[in-house]
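>>> Dropping a prediction and its sequence here:
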Amino acid sequence: MKKLTTMLALALCTTTSVWAQRTPEHPLDIKDVTVSMHSIFDAWEIGIPPGEVTEMDEQFYISRVRPLARIDEGDYRIHQNVDPGRKMCLWVPLDDPSTKWKALPRYCLEGDNFSMWSYLDIHGNWTAPWVRVSAGMTDAAHKNGVKVGCVLSVPFAAYLSPYGTDDNSRNFRKLIERNDDDTFKNSRKLVEIMKYYGIDGLGCNSEFRSTTGFMSDIIDFFADCHVKAKEIGWDFQLHWYDGTNEGGSYQFDRGLGSHNEKMFGNGEKVVTDMMFANYNWSDGLLKNSVAYAEKLNRNSYDYYAGFDIQGRAYKAPWKALLNNKISIGFWGAHAQSLLHQSATDDGTSDIAIQKAYLQKQELTFSGGYRNPGLLPSVREDATLANSDLKTFHGLATFISAKSTLQQLPFVTRFSLGNGLTFKKEGKTVFDHKWYNLGMQDFLPTWRWWITDRQDVVTTENVEGLVKADLVFEDAWFGGSCMKLHGKTEFSRVKLFKTKFDIQPDYTISITYKTLNGTGTNAKLFVAKGDALNQYKEISIPAAANQGEWTTFTAKLSDLGLQANDVVAMLGISVENTPEDYAMLVGELSVINPGQTFTTVKPDIKEVEILRGRYNALDFKVRYASREEAGGVKTYNDEVGTWYYEIYFQQQGQAEQLLTATPSWAAYVIDAPVVPGMEGREGRFGVRAVSPDGKNGSAIAWTEYQEIPYNEPSSKLIINKPVIKPNESFVIKFEDTMQKPAQKWEVKDPLTGTSMGSVSNASELELSIAKVGLYDLYITNSEGDESITRGFVQITPESTGAMPQILTFASDIQKAETDKEVKFSYTSKDGEGRVSRGLKIVDPNMFMVPGEAQTTMTYSYAVWFKVESYSHDKQGTNLINKNTIADSWPHNNWGDLWVTIRPEWGKHAANEVSFNTMGWTAHDSPNEDMMSTGYSITPNVWNHLVVTQENKLQKMYLNGKKLAETTFNASTRRENSSDSRIDKTAVANIFFGGGGVYKSGFNGWIDEVQVWNKALTDEEVLACMNGYEDAPEGLIAYYTFENKAEDETFANLGKGGDLKGKVVVMEGSGGEGTSSASYVQKAADNQHIGYPGIPGSLEIKTAPEWNLAGATLPAETNGKELKVTYKTAGTFNAGLMISNLWGKDSENLAEYITIVQGGTGIDKFDAELGLSVYPNPFVESVNMKFLESGEYSVNILDVKGNQIKSIVLKANEGEIVNVSVEGGQGMYLLQVMKDGKLYRTLKLVKK
């Protein structure tokens, strides 16, 4: 018998998370330089880690991917009017909100995985300090021919001088040091360092002041860097904000002229390679700049028209660019790229951000149709909202897509460099989210250039073309793949611009998966460089099975290609597909089968085990494929390697691939370990993979070593999701290796009374008589105390409970076929009625009309339960009162904002803050108005009240007052004179919903109340229980018990017809909301609300019978069930009962024996008083006696030898099973009763 009760897992509030969504939950274990460059430059030797950086961590900054040149001769464009000389600089961060992670590998999905490299010339990498760029960023950029920069960010109006003691002055002073012969001492060293790491450019946020002499030295130094770089085969660049000029002053919006010509440089003395103009340029200013660049014998495309995409989005005089040979530069902002940061169009979950970010990139670069072959007319008023960008002209209007694909082998798995899991050959090898930008593949040159049968795309046919996307739903290798889907008569998907010199025996290969049926309706095609509109095709055969990966390989001769042909384009055409057509493409390759690689087996240099938990470990590993010395770096292609696979094997377990990386060090979080103290040894492995992805080295393994257990988990599990008065419950650690805690205790938070405790134990079993919310205190084995607020919730019997099976049995355990057997059970059903909760899934939010609160005196009350956190920089929105009609920043913060905060200063993660208009330190909460010491635990109901009475503010959690302060600057938007506030618009009240720097709430809310007074302590306790009739002062009240046909909720308060509804903000683009609107969505109130309040949601318990072999009746809902069995045998019997609170189950193994019945056996019984069956038999026979008594049973072989003898006490009609040992053949069965022979029968064993 096995009884199962599901345990409910809940996470303690003492998490180490800072920003769990935008930033990893795990620590950053890769350390970098923490001092300014000037303090380490002299001691910095190429090939030796600078400062305190270890050899292990240094590898995460050394790019091992050789920079690739772009196709030049033979390049082609979609639009002939687009000048291929125009360039693009993305001078934005590639980072997270903390500005710590850059492009370092991590174990979450969310991260900036920018992928539209084909339209970039420079990525300025705004938050990367000088000469420190994470290798993943460089690897991805360089394989696409994009230059990588880093930035010295000098504060606005700072004064830099040869004698300055500030870090910025000292950095420049160090660089411009001279030798005795007046040559620059450090220019050669600087560019050698940059080449070693793979850094192309130095950038400067140059809006500082200085002297003419100091600026002259700086200009001469950077000019010398260009010269020295050419000598060592490197291409040095300077990226300069067009502020500070050669005179040492800063002058903006003047274009190129006499004031900055030395800073820009001339044809003989290049200084700045990307001069970034401030944002107020015009057609006239650009024309003058073009003319001045020509006068200086410089390319005018080295001057970039700057776009402030943080403050202005894409609102700029784009049309002026059409007539001027000026390049394009985007800036914005200081922590994250605004393209990435604003990708919350569809919510703030990691997958929602990633999908929106992909779409935002494609809309930005490929235009509103996501097809660079069809570009909308030029707009000058676009925001960053994806909905608005659907009519944006796209950067493809100005810039042609570039490609580096002119060498073989060519292999892409369409990896974006991150994933929900890590896969190899279509199978999940590490079930963990991950990010490593260095593993981003070559991605389609155009996203997505798709044409019809006539090879054109128009506004009339674009909707009829197949849809193409990069998706995370599956992968052949890595975490993503390409998906073609939807109905089309014919579509030609032009994927890659190439320049492959081929031979007929070279192969083209595609790995794909069909999701609906097995037909692909698709062909691979290529086009030659001298015939781009003449396509050579080959059909992709049907998949072997729907939903399984299939690989098809053909020789290029099968496509009609001949020796020395040049393949200039790769793609896929699809034809006559239905609406539900969907094909995933996991790999596409062109390979010379005769090309071989000497892939060097790496040598593991060191392993650092960072942390060991009961079920996982974190580690770093460093390896080398060649010994290096003298500052000479080895590229992976020199050792026959594309990337490295990282393995772990626990003693006695199978080896497991965990990740892959092009770097010579790897970082792994949560490598799985079988729990327990036994077998806690493991080894670490590295395998180099060849450039064709098909072969590689053997795995290099370390010796087995001990896996430490040094990070116990504080996660708790409780055996019941809802607890009733006097009902026993158990709380324990999920970590089975956790030492017993010094003390477990449950307290009443209002009185501090202990409800029960236990010492030196691994779990707590308790029952509590009184309904209420109780806090759990744990003092762990080290003496550290943690508190989980409201963890134990005792609720009334009337709201239902988890069901419990008391008994489960049948009336008989042995029966004949077709005879009725009655199963029955008894149980505690836990039925009742409970309050309904409203499910909020970001980006949805519950909107209350703003008229519910019109003064400076009010209270907000709500029951809420967080499902999971996805904190952004400032946390998660819980309550906001604001409007999209206001301009930044009031559209984001508004009248008031209640936020669940990340860890901040001395405050633990997930404390609640309450702020009102007048508070301007938006990144920081008001410490006097926080739930200090009270964190919100996921999957636990909590009750919050915030009140304001003029300037006096209070906060209550679960009925306890936690904060009280007077905030004298508090005001309302209606009382403000700020011109950014639209006083004609009403600021509504929102529960949930994201914003800039704040993620949206995911979870449930109940009992929403808005009062026109500040509640007293007693009224706060009363409001927690809800109301049959709203008292005076309760203006807006929503219980979610009844939903109207229009998906709204009636106001049960005194404020009149203030309907509440679920809405989503559509058309928001970063900080701008001028084009946004609130769109109503369906409301989901089919969820349990706070279990302490009765309501209309019925808790009904129903059984699910699992009776193997039985024929069940149509009606199975009762506690008794009559069944029959058609075949003989021994069968299991199982029962599960469930309701909305949970389930209980009982499984009885080999519980009932069924024998073959019928009239023959009945006659036999009547004549002999005994039946024996089956006969012939296999292992045993069943004996059924018609008379009660004591029987002796002997089993004899054919020679009369006794095999077995047993004594049976049988009741009338009882069936007894008797096993017969021995081989196959005939046996005699003797049955004795009262010392006399009763019956003798022949048996045959099969």
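The structure has been received and is ready for your questions.

>>> where in the stretch 651-800 of the chain is pLDDT low?
By pLDDT under 70, the stretch 651-800 of the chain contains no weakly predicted segment.

>>> ok, now the chain?
Looking at the chain by pLDDT under 70, you get 1-21, 1070, 1158-1168.

>>> can you list the domains in it?
Using automatic domain parsing, the domain ranges for the chain come out as 8-13+712-794, 37-62+85-341, 410-591, 603-706, 804-834+1100-1154, 841-1088, 1167-1245.

>>> how long is stretch 472-482 from one end to the other?
The first residue of stretch 472-482 is 9 Å away from its last residue (CA to CA, to the nearest Å).

>>> Equivalent analysis for stretch 131-146, please.
Start-to-end, stretch 131-146 (CA to CA) is 17 Å.

>>> How about stretch 237-247?
So stretch 237-247: terminal residues 21 Å apart, CA to CA.

>>> try stretch 690-706
Using CA to CA, the end-to-end distance of stretch 690-706 comes to 32 Å.

>>> check which helix or strand covers Leu321.
helix 318-322 (DSSP states H and E).

>>> other SSEs contacting that helix?
Judged by 3 or more CB pairs under 8 Å, 6 or more residues apart in numbering; DSSP states H and E, the packing partners of helix 318-322 are helix 283-295. Just so you know, the C-beta spots here come from the backbone N, C-alpha and C atoms, and that holds for glycine as well.

>>> CA-only coordinates of stretch 607-624 in CSV, if you can.
Only the C-alpha atoms of stretch 607-624 are listed here, as CSV (Å, rounded to 0.1, in the frame of the first residue of the first chain):
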residue,chain,number,x,y,z
VAL,A,607,38.7,23.7,-11.6
GLU,A,608,37.2,26.0,-8.9
ILE,A,609,34.2,24.6,-7.2
LEU,A,610,32.3,27.6,-6.0
ARG,A,611,29.4,26.1,-4.0
GLY,A,612,28.0,22.7,-3.3
ARG,A,613,24.4,22.2,-2.4
TYR,A,614,22.5,19.0,-1.6
ASN,A,615,21.4,18.7,-5.2
ALA,A,616,23.7,20.8,-7.3
LEU,A,617,27.1,22.5,-7.5
ASP,A,618,28.5,25.6,-9.2
PHE,A,619,32.0,25.7,-10.7
LYS,A,620,34.4,27.3,-13.1
VAL,A,621,36.9,25.5,-15.2
ARG,A,622,39.9,26.8,-17.2
TYR,A,623,41.6,24.9,-20.0
ALA,A,624,44.0,25.5,-22.9
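
>>> and for stretch 663-670, what are the contacting residues?
When contacts are defined by CB atoms under 8 Å, 6 or more residues apart in numbering, stretch 663-670 is touched by residues 24, 26, 29-30, 56-57, 59-60, 62, 64, 104-107, 135-136, 139, 432, 438, 602, 616-625, 644, 646, 648, 658-659, 686.

>>> Apologies, that question was intended for stretch 51-62.
Here stretch 51-62 makes contact (CB under 8 Å, 6+ apart) with 30-35, 40, 49, 104-105, 132-136, 196-198, 605-606, 608, 620, 622, 633, 663-665, 667.

>>> Kindly report the same for stretch 229-241.
89, 91, 122, 124, 147, 149, 151, 188, 191-192, 194-195, 200-207, 222, 225-226, 228, 263, 271-276, 278.

>>> In strands, which of those residues fall?
89, 91, 122, 147, 149, 151, 201-204, 274-276 (DSSP state E).

>>> Now that you've got the contacts of stretch 663-670, can you turn the buried subset into something I can paste into PyMOL?
Buried members of these can be picked out in PyMOL with the line below, counting by 16 or more other CB atoms under 10 Å:
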select buried, resi 24+26+29+30+56+57+59+60+62+64+104+105+106+107+135+136+139+432+438+602+616+617+618+619+620+621+622+623+624+625+644+646+648+658+659+686
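
>>> what comes up buried for stretch 864-883?
In stretch 864-883, counting by 16+ other CB under 10 Å, buried: 864-866, 869-883.

>>> ok so, going back, any chance of the domains of the chain in CSV with distance to Asp350 as columns?
Formatted as CSV, the domains of the chain follow (distance: least, CB to CB, whole Å):
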stretch, distance to Asp350
domain 8-13+712-794, 17
domain 37-62+85-341, 4
domain 410-591, 7
domain 603-706, 16
domain 804-834+1100-1154, 29
domain 841-1088, 7
domain 1167-1245, 56
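
>>> so which of the ones you listed comes closest to Thr397?
domain 37-62+85-341 (8.0 Å; CB to CB).

>>> From Phe1040, how far out is the residue lying closest to Val848 once chain neighbours are set aside?
Setting aside the residues directly before and after it, Val848 is nearest to Ile989 in space (CB to CB, 6 or more residues apart in numbering), at 4.1 Å. According to CB to CB, to the nearest Å, Ile989 stands 16 Å off from Phe1040.

>>> what does Trp130 give?
55 Å.

>>> Looking at those two, which is more packed in?
Set Trp130 next to Phe1040 and count neighbours by other CB atoms under 10 Å: Phe1040 wins out with 26 against 21.

>>> which residues does that one contact?
For Phe1040, the contact set (CB under 8 Å, 6+ apart) comprises 835-838, 1006, 1049, 1083, 1085, 1089.

>>> Compare those residues and tell me which is most surrounded.
Ranked by the number of neighbours (other CB under 10 Å), the contacts of Phe1040 place Asp1006 first, at 29 neighbours.

>>> helix/strand/coil for it?
strand (DSSP: H, G, I helix; E, B strand; the rest coil).

>>> who's it bridged to?
Taking DSSP bridges as the rule, Asp1006 bridges to Trp863.

>>> quick one: it and Leu1097 touch, right?
No - when contacts are counted by CB atoms under 8 Å, Asp1006 is not listed as touching Leu1097 (10.7 Å).

>>> what's the overlap in contacts for these two?
Common neighbours of Asp1006 and Leu1097 (CB under 8 Å, 6+ apart) are 835-836, 1089.

>>> that older thread, can I assume the residue nearest to Val848 sits in a strand?
Yes - judged by three-state DSSP, Ile989 forms part of a strand.

>>> which residues does it contact?
847-850, 852-853, 860, 879-881, 1010, 1036 are the contacts of Ile989 under CB under 8 Å, 6+ apart.
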